[in-house]
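*Asks:* I'd like to go over a predicted model; first the sequence, then the structure.
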Amino acid sequence: MQSINRFVLAADDRFGPITTIRKKGEPVKHIPWTAFKFTNEDWARVSDCTLLLDDANSIQQIFSSGKRPSIYKVIPAIETLQTAWKKKLKDPKFQLYHPALEAGLSKLLKYYMKFDEKPAYVLSLFVHPYYKFDWISRHWGGAEEQQREIDAGNPAARNWVDEAEKTIKAAVRIINFDLTTILNCSSR
């Protein structure tokens, strides 16, 4: 921060103006480097933006593995990013960035809802040795959570555990496995 400000302050003497604007019929305008000097408030905003971008960057890094498939990581990663940005929406420190956070959450939701159309995401969680069906049950909620949402005024609330089970049963039927055996093995 200070080193950048020192550079900007010394750059005019050392390099001359950062740019020159020439418009026909108007005097030439030299833009000095000092026009781009950051105030403490500007640096605070840079720091805030860094915190916001760190959330997205950490999620992006999850998908950087070139050695192993990572489809099972998609849903937990998106949910982690949604949670982080929703917390920042409640934090007064990030008030200035609420429109950007809301737009980002809206875009995440758009793609998150598309997972309902793609059973591979649920199946990848189900067959993964760490996540299994237990993870789905703990993180998505079943009949009780559905009823709470309905009581809170959301008549379209869904039992996500039931939805996941339907997806898994449909896939299992396709490959002719006994679901009971798979569920028993998965929950161990």
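*Replies:* Great, that's in hand.
*Asks:* surely Glu149 touches Ala143?
*Replies:* No - Glu149 lies out of contact with Ala143 (Cβ atoms under 8 Å); the separation is 10.8 Å. Placement of C-beta: from N, CA and C, glycine included.
*Asks:* more neighbours, those two?
*Replies:* Neighbour tally, Glu149 and Ala143, criterion other Cβ atoms under 10 Å: the higher count belongs to Glu149, 16 against 10.
*Asks:* in the protein, where's the longest helix?
*Replies:* Selection of the longest helix in the chain by residue count, based on DSSP state H, yields helix 40-62.
*Asks:* buried ones in that helix?
*Replies:* Going by neighbour count (16 or more other Cβ atoms under 10 Å), the buried part of helix 40-62 is 52, 55, 59.
*Asks:* could you look up the SS state of the residue of the chain positioned farthest from its centre?
*Replies:* Largest separation from the mean C-alpha position in the chain: Gly25, at 49.8 Å (Cα atoms, centre = their mean). Assigned with DSSP: H, G, I helix; E, B strand; the rest coil, Gly25 falls in the coil class.
*Asks:* rewinding a little: from the contact counts, what lies against the following helix or strand past the longest helix of the chain?
*Replies:* For helix 40-62, the following helix or strand on the C-terminal side (DSSP states H and E) is helix 74-90. Packing partners of helix 74-90 (3 or more Cβ pairs under 8 Å, 6 or more residues apart in numbering; DSSP states H and E): helix 40-62, helix 98-114, helix 119-127, helix 132-140.
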